[in-house]
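In: just to be clear, the model below is a prediction. Sequence and coordinates:
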Amino acid sequence: MKRVLLLYSAILLIAVQATAQKEKPWTEWTDKEAAKILNDSGWGQTQSEVAPVAEPTSTSAITQTTAGRREDQRISAANTVESGETKTRPTINYRVRFLSAKPVRAAFVRMIELQGANPEKVAELRSFVDRNFGDYIVVTLTVDGTDRKRLGAAMEEITGADEAALQKAAYLERKDGTKLFLTNYRAPVQDGLGAKFVFPRSVDGKPFIDAGSGEVRFVLEMGKMVKLNRRFKVAEMMYEGKLEY
């Protein structure tokens, strides 16, 4: 019974913190709060992929003693660092965000402000927060991580993607199975927002996403590297009393 009460209290605390964050003016968000909106929320999610473990290689020219020494060094380098902590393998992170959702734009501008941008620049960007995206849903994709080799390959695929090839390879899908396909693709430019995938907001005169949609998936298959499938819960997309996407 005690464990049940503790679990309930923890869940309640998380819910209260999440609600407080949404009600707190975005101009007062901390860097952690803004980062959570961008990377782990109803409007922004992260798909992380860890580099596979490289298989050891050997040739007849390597003596057993030398091979053994190199294997010991490989294991040591792979598992530990000087501090004694476990060393993580290289990782690549795909950040998927609903740019047409106001909280994502607010978090983006807030992060720029917290990073020390001059007040004039921040004032200019604040108008971006209140921008109306009209008849479109815009989903962005950025990539970062420590796996430089895979990061470079992924960026090549993203920057060189052909819009025609993405027409059926990039889509939003509701819980009922209805799909919404891409209408426009914009490769990354120097704005920090990443690649942009544009979808129509309405289908047959009705919003594609509403309070009863349940979940929405963003699916993307781009080249050999980029294969994404991220789920967003519509119930978590409420902001300032309205559904934001």
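Out: It's in.

In: contacts and neighbour counts: CA atoms only from here.
Out: Will do.

In: what about Lys196, distance to Ala117?
Out: Distance of Lys196 to Ala117, computed by CA to CA, to the nearest Å: 24 Å.

In: which one's more surrounded, those two?
Out: Between Lys196 and Ala117, counted using other CA atoms under 10 Å, the more crowded position is Lys196 (22 against 13).

In: hmm, that one is touching Val189, no?
Out: No. The criterion here is CA atoms under 8 Å, and Lys196 misses it with Val189 at 9.8 Å.

In: quick one: low-confidence parts of the chain?
Out: Applying pLDDT under 70 to the chain flags the ranges 1-22, 54-87.

In: quick one, strands of it?
Out: Under the criterion DSSP state E, the chain contains strands at 44-50, 91-98, 136-145, 170-174, 179-181, 184-186, 195-200, 202-203, 206-207, 215-222, 226-233, 238-239, 242-243.

In: between the ones you listed, which one is closest to Asp130.
Out: Nearest to Asp130, of all these, is strand 238-239, at 13.1 Å by CA to CA.

In: hang on, the earlier thing: nearest to Ala34, of the strands of the chain?
Out: Closest to Ala34 of those is strand 44-50 (CA to CA; 10.7 Å).

In: okay, the angle between the closest one and strand 226-233?
Out: Put simply, strand 44-50 runs at 140 degrees to strand 226-233, going by axes from the mean of the first three to the mean of the last three CA atoms, to 10 degrees.

In: show me the contact partners of strand 44-50.
Out: Contact with strand 44-50 is made by 37-40, 89-98, 104, 228, 230, 232, as judged by CA atoms under 8 Å, 6 or more residues apart in numbering.

In: just the buried ones from those?
Out: Taking 16 or more other CA atoms under 10 Å as the criterion, what is buried in the contacts of strand 44-50 is 37-40, 90-98, 104, 228, 230, 232.

In: and the residue nearest to Glu236 when sequence neighbours are not counted, how close does it get to Lys227?
Out: Nearest residue to Glu236, sequence neighbours excluded (CA to CA, 6 or more residues apart in numbering): Gly42, at 4.8 Å. According to CA to CA, Gly42 stands 20 Å off from Lys227.
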